[in-house]
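Q: the following comprises the amino acid sequence and a computationally predicted model.
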Amino acid sequence: MEFNHIDPIGDPEEGPRRRFRNPKLRRGVYILPSAFTVANLLCGYYAVLATLEGNVSDLDNASRAIGIAILFDSFDGRIARAMGTTSAFGREFDSLADVISFGIAPAFLAYAWGVRANVAGNFLENVHLIQLGWLVGFLFLVCCAWRLARFNIQGMAPGGNRFFAGMPTPAAAGMIAATVHFFQNPIQDVRLSILWLILVACLGGLMSSTWRHYSFKDIEWTKRRPSLTVVLLALLGGAVWFFSRQTLFAIAVAYTLHGVIFQIFRFARRRVASRPA
């Protein structure tokens, strides 16, 4: 995910060197965040292989793998910052892994789940749908890479770290994965396939846009309300464990829509403010 960054003040490695005098311990501390990035990459690789198998259970496993990749991706940057081991290498390695897990893997999954079942045995009749599926999947991948490259250069949205500029790539991939996990069976209707491809294209557009999406970085639950944080995490974990399909789909839809709704309110407020008194 796009959470790794370099401390602009001083040498980013000076603090960890003072903190970890043992060379082996220091080396292990630097390796730990990269290990989470490798786990993220492994999940994306597995998701592609499972998608190629093509069975309903395989597609569901691919969606689960993308969801697990989101967890690993959320930890690597946080661990690096907590241990003072952020680096340019870690940031670039993380972005390359994200292209696989949140670009290629969901693009393959979106095509296999939303298009391939409709064209099985009727290639000539559905050649335009196949071409549209290829194009939309490639568009999603390009927007993912674009989003990651832009974040590495520009960072968060102007005004602090409360908002991302554009939809985060894990959230867009999570929307695809959560939908597949929720509905399970691949799409069998051409009209639904077209609607599905429109959704995938819109997710790509949200990633490459500058529409603000909340980052949750300004909430310090662990410092102000540690007991409440534990309770909320326990409830969320229980909901995901027992009702994973409904819970993950609701979270994905809510986060996807909140950026659109927030942008509509911003646009309406600007229009009202620009009107002459």
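A: Everything's here; your move. The structure presented is a predicted model; accordingly, all values stated were derived computationally and were not measured.

Q: the stretch 1-150 of the chain: helices as residue ranges?
A: Listed from the start of the chain, the stretch 1-150 of the chain has helices (DSSP state H, counting those that start in this stretch) covering 14-19, 23-53, 56-82, 88-99, 105-111, 117-119, 127-154.

Q: now the ones you listed in a markdown table, with distance to Val272 and mean neighbour count?
A: Every residue, glycine included, has its C-beta placed from N, CA and C. Written out in a markdown table, the entries for those read as follows (distance: least, C-beta to C-beta, whole Å; neighbours: other C-beta atoms under 10 Å):
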| stretch | distance to Val272 | mean neighbour count |
| --- | --- | --- |
| helix 14-19 | 48 | 13 |
| helix 23-53 | 43 | 18 |
| helix 56-82 | 37 | 20 |
| helix 88-99 | 38 | 19 |
| helix 105-111 | 38 | 27 |
| helix 117-119 | 45 | 19 |
| helix 127-154 | 29 | 18 |
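
Q: which one of those helices lies nearest to Leu232?
A: helix 56-82 (16.0 Å; C-beta to C-beta).

Q: just checking, what packs against the closest one?
A: Taking 3 or more C-beta pairs under 8 Å, 6 or more residues apart in numbering; DSSP states H and E as contact, the helices and strands that helix 56-82 lies on are helix 23-53, helix 88-99, helix 105-111, helix 169-183.

Q: in CSV, list those along with mean pLDDT and distance to Ala268.
A: Formatted as CSV, the helices and strands packed on helix 56-82 follow (pLDDT from 0 to 100; distance: least, C-beta to C-beta, whole Å):
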stretch, mean pLDDT, distance to Ala268
helix 23-53, 84, 38
helix 88-99, 90, 33
helix 105-111, 97, 32
helix 169-183, 96, 24
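
Q: Gly137: which of these is closest?
A: Smallest distance to Gly137 across those (C-beta to C-beta): 4.0 Å, for helix 105-111.
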